[in-house]
Structure formats: C-alpha cells, structure tokens
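Visitor: Test case, fold it:
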Amino acid sequence: MSSQPSSTTKPKGNGRESVAHVTERVLEVRERADDLARTVATMANDARRAVTAEVTRRPYRAMAVAALAGFVLGGGVSVAVLRGATRLGLRFAMAVLLNRAVEGSAR
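Guide: As a prediction, the model looks like this:
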C-alpha cells in the first residue's frame, strides 16, 4: 500500500485554500456531531421517561425484569438454558392465545 494520499484527498490550490477547505470540513463534521449528540440526548431522555413511567406503574415487574437482565448479562444463564426457557415461554404464550381464541369462538 502506498502512503501517498489518493487523488480525491489531495488538496487543490495553494496552502491557504487547503487550510480553508480543511477548516470548512472540520466545521461540517462538528455540526453533524452536535446534531447527533442532540438526537442521542433526546432519545436518552425519552427512554428515561418511559422507564420511569413503567417502573411507577408496575414496580414489581420492573424489579423482576432488572434482576433477570442482570442475571443473564452477568453470565448466569447458558445459551442452552436461555433457548429452552424461550421455547417454553413461547409455547405457554401460544397455549394461552389459542385458549382465548377457542373460548372467544365458543361464545
């Protein structure tokens, strides 16, 4: 690989024009970074409000989810156990949904 810049990155004109071009690009990147930071901050605030509202409405459920997430992220569950638990949960959910559908159609 050559250490020479490609033709698309070579500055055009004299040194002052190159500095002005670089300065302009730096300002564009800074503006985009500021926009991104504002967007991320807004999303974080929205997430914080949603979590706070959920914890206020259902505190025990929130504690259970947090404990489970900590356990899983801490490596307390192997992939096989997690896969089995997911399958069991899906089967249970399907059974409940089917039961409700059958009861609803019998009425």
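Visitor: Got the domain ranges for this protein?
Guide: With domains defined by automatic domain parsing, the chain comprises 14-76, 78-107.
Visitor: How about the helix or strand harbouring Ala95, which residues are buried there?
Guide: When elements are assigned from DSSP states H and E, Ala95 belongs to helix 79-106. Residues of helix 79-106 classed as buried by neighbour count (16 or more other C-beta atoms under 10 Å): none. Quick note: C-beta positions are derived from backbone N, CA and C, even for glycine.
Visitor: to the chain's geometric centre, what's the distance from that helix?
Guide: Taking C-alpha atoms, centre = their mean, to the nearest Å, one finds helix 79-106 lying 27 Å from the centre of the chain it belongs to.
Visitor: tell me what the longest helix seen in the chain is packed against?
Guide: Longest among the helix segments of the chain by residue count, using DSSP state H, is helix 15-57. Counting contacts by 3 or more C-beta pairs under 8 Å, 6 or more residues apart in numbering; DSSP states H and E, helix 15-57 is packed against helix 59-73.
Visitor: So what touches stretch 56-76?
Guide: Val51, Glu54, Val55, Val77, Leu82 (C-beta atoms under 8 Å, 6 or more residues apart in numbering).
Visitor: Most widely separated two among these?
Guide: The most widely separated members of those, counting by C-beta to C-beta, are Val55 and Leu82 (24.4 Å).
Visitor: count of residues packed around the nearest residue to Val77 once chain neighbours are set aside?
Guide: Distances taken as C-beta to C-beta, 6 or more residues apart in numbering place Phe71 nearest to Val77, at 6.5 Å, with adjacent residues excluded. Around Phe71 there are 11 other residues, counting by other C-beta atoms under 10 Å.
Visitor: How confident was the prediction at Phe71?
Guide: If you check Phe71, the pLDDT there is 83.
Visitor: which one of the domains of the chain has the lowest average pLDDT?
Guide: Sorting the domains of the chain by mean pLDDT places domain 78-107 lowest, at a mean of 85.
Visitor: Residues in contact with stretch 45-53: which ones?
Guide: Residues outside stretch 45-53 that contact it (C-beta under 8 Å, 6+ apart) are Ala62.
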